[in-house]
Each structure stands twice: as C-alpha cells, then as structure tokens.
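[1] Quick one, structure for this:
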Amino acid sequence: MTGEPDSFGATPCTTWSALDSSHATAAAYADAGFTRARVDVVPNTGHIDYDFAGIIRTQVRDLAKKR
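    Residues are numbered from 1 along each chain as shown. Below is the predicted model of the structure:
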C-alpha cells in the first residue's frame, strides 16, 4: 500500500518513489509466482498520512470473515 502522491520528491530522498517501488515489488512477487500480489494506492494520502489503525482494523476484519 502506498499513497497516490508518494512519488519522487515526496520524501527527503528525492531519487526514490514509494509508489514506483511498490509497483516494482508487486511485479517481482507476481513474477515469482505469488499471483495475489497487488498494490493498493490510497488516493490523496501522503507518505505520513496513513490511518494505520484503520487499515489494520479493516484487514483483520476482512481476514476474520474468511475463516
């Protein structure tokens, strides 16, 4: 998961993009056979603006539903 505006220059390291890195990593996992690899892009959310508690709560709830 990464924020939509998390591209080059969004962090102090101007040569790195969380968004591009996320896509590259998901592609590497898919190429290795992990067919459910994906990137979730959060619109209008910067690199430090994630609602981590809400994200974890949603993931745990969704996993519990699958049991």
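[2] Could you pull out the helices in the chain for me?
    With helices called from DSSP state H, the chain shows them at 18-31, 52-66.
[3] The shortest one - contacts with which helices or strands?
    Under the contact criterion of 3 or more CB pairs under 8 Å, 6 or more residues apart in numbering; DSSP states H and E, helix 18-31 touches strand 2-3. For every residue, glycine as well, the C-beta is placed using N, CA and C.
[4] Lowest average confidence across the helices of the chain, which one?
    Confidence, taken as mean pLDDT, is least for helix 52-66 of the helices of the chain (a mean of 87).
[5] Quick one: distance of it to the chain centre.
    Between the mean C-alpha point of helix 52-66 and the mean C-alpha point of its chain there is a distance of 15 Å (CA atoms, centre = their mean, to the nearest Å).
[6] Pick the most deeply packed of the helices of the chain.
    helix 18-31 (a mean of 14; mean count of other CB atoms under 10 Å).
[7] could you dump that one to CSV, C-alpha only?
    Output of helix 18-31 as CSV, limited to C-alpha atoms (Å, rounded to 0.1, in the frame of the first residue of the first chain):
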residue,chain,number,x,y,z
ALA,A,18,7.3,4.8,-2.7
LEU,A,19,4.7,4.4,-5.4
ASP,A,20,7.1,3.2,-8.1
SER,A,21,8.9,0.9,-5.6
SER,A,22,5.5,-0.6,-4.6
HIS,A,23,4.6,-1.4,-8.2
ALA,A,24,8.1,-2.9,-8.9
THR,A,25,7.9,-5.0,-5.7
ALA,A,26,4.4,-6.3,-6.6
ALA,A,27,5.6,-7.2,-10.1
ALA,A,28,8.6,-9.1,-8.7
TYR,A,29,6.4,-11.1,-6.4
ALA,A,30,4.0,-11.8,-9.3
ASP,A,31,6.9,-12.9,-11.5
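[8] How many residues are close by residue 35?
    8 (other CB atoms under 10 Å).
[9] So for it, what pLDDT did the model give?
    89.
[10] Next: residue 10.
    Residue 10 is given a pLDDT of 66.
[11] going forward, begin numbering at 733 instead of 1
    Happy to do that; since the first residue is 733 now, the last one works out to residue 742.
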